[in-house]
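Chemist: got a predicted structure plus its sequence, pasted below:
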Amino acid sequence: SSTRGFKVFDPRIQGLRPADSRSSTRGYFGVGWCPLTQRHPIRNGAIMLVTTATYRRNPFFADPVLAREAVEHLYRVQERMPFSLFGFVIMPDHCHFLLQVPEPGSVSSLLRTYKMGLSFQVGIAPLWQSRFHIRLVEDPSAALSYIHLNPMKAGLCLIPEAYPWSSASGKWDVAESEWI
């Protein structure tokens, strides 16, 4: 199914659950597919699938220079604010990160630092939509598969490993885990 031209996936198949099941009954994640406006409580220790979209879904990261900078900036932020990065993809108009933030950090500060810093680095303002979306992950390998298959489903590559701006390419370091 789709909403406004964006593909919607069924979290029951993907092994994901709502970030806050108490928030609403409107859709699998409490507010449907466009919940980039929700507030995020601190979820230290949880493995999270984080999605953030570019401003008005502009395909800024279709430019390989900007896509490379988006990946490299992620690692610079990780040096300043340690977190476990299990997988990622930088799509032309959005990004997915599978990560875990240890105490005392927060996913909100991490994403704020990433988005503000990257916007400054590439000199594009506004680069991002103001919010992001978190899904708590019950099955990390299913979430990682979802991330890695995203470019293929969008027609950007024939196999996930061929997309250079993804952890599936094997060009980028990610945390090792027993479920990968």
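Modeler: Here it is on my side, so go on.
Chemist: hey, where'd the strands end up in the protein?
Modeler: For the chain, strands defined by DSSP state E occupy the ranges 2-3, 6-7, 16-17, 47-53, 84-90, 94-100, 133-137.
Chemist: need the winner for burial among those strands.
Modeler: When the strands of the chain are scored by mean count of other C-beta atoms under 10 Å, the highest mean neighbour count falls to strand 94-100 (a mean of 24). C-betas here are computed from N, CA, C, even on glycine.
Chemist: can you list the residues that contact it?
Modeler: The contact list for strand 94-100 (C-beta atoms under 8 Å, 6 or more residues apart in numbering) reads 45-54, 57, 61, 70, 74, 83-89, 107, 110, 137, 140, 143-144, 146-147, 150.
Chemist: run a quick neighbour tally on the spatially closest residue to Leu111 that is not a sequence neighbour.
Modeler: In space, and not counting its chain neighbours, Leu111 is closest to Phe132: 5.2 Å by C-beta to C-beta, 6 or more residues apart in numbering. Neighbourhood size, Phe132 [other C-beta atoms under 10 Å]: 25.
Chemist: I'd say Phe132 and Val50 touch.
Modeler: Yes - applying C-beta atoms under 8 Å as the test, Phe132 and Val50 come out as touching, 5.9 Å apart.
Chemist: anything in contact with each of those two?
Modeler: By C-beta under 8 Å, 6+ apart, the residues touching both Phe132 and Val50 are Leu111.
Chemist: what's the end-to-end length of stretch 165-175?
Modeler: 17 Å (C-alpha to C-alpha, to the nearest Å).
Chemist: hmm, who's touching it?
Modeler: Stretch 165-175 is contacted from outside by 61, 67-68, 70-71, 75, 84-91, 147-148, 150-151, 160-164, using C-beta under 8 Å, 6+ apart.
Chemist: ok, and for it, which residues are buried?
Modeler: Trp165, Ser166, Ser167, Ala168, Ser169, Trp172, Val174 (16 or more other C-beta atoms under 10 Å).
Chemist: do stretch 55-74 as well
Modeler: Within stretch 55-74, the residues scored as buried using 16+ other C-beta under 10 Å are Phe60, Phe61, Leu66, Ala67, Glu69, Ala70, Val71, His73, Leu74.
Chemist: now these as CSV including pLDDT and distance to Tyr114?
Modeler: Below are these laid out as CSV (pLDDT from 0 to 100; distance: C-beta to C-beta, whole Å):
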residue, pLDDT, distance to Tyr114
Phe60, 98, 14
Phe61, 98, 13
Leu66, 98, 14
Ala67, 98, 14
Glu69, 98, 12
Ala70, 98, 9
Val71, 98, 11
His73, 98, 7
Leu74, 98, 6
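Chemist: of all the residues you listed, which two lie farthest apart?
Modeler: The most widely separated members of the buried residues of stretch 55-74, counting by C-beta to C-beta, are Phe60 and Leu74 (15.1 Å).
Chemist: I'm done for today, thanks for sticking with me.
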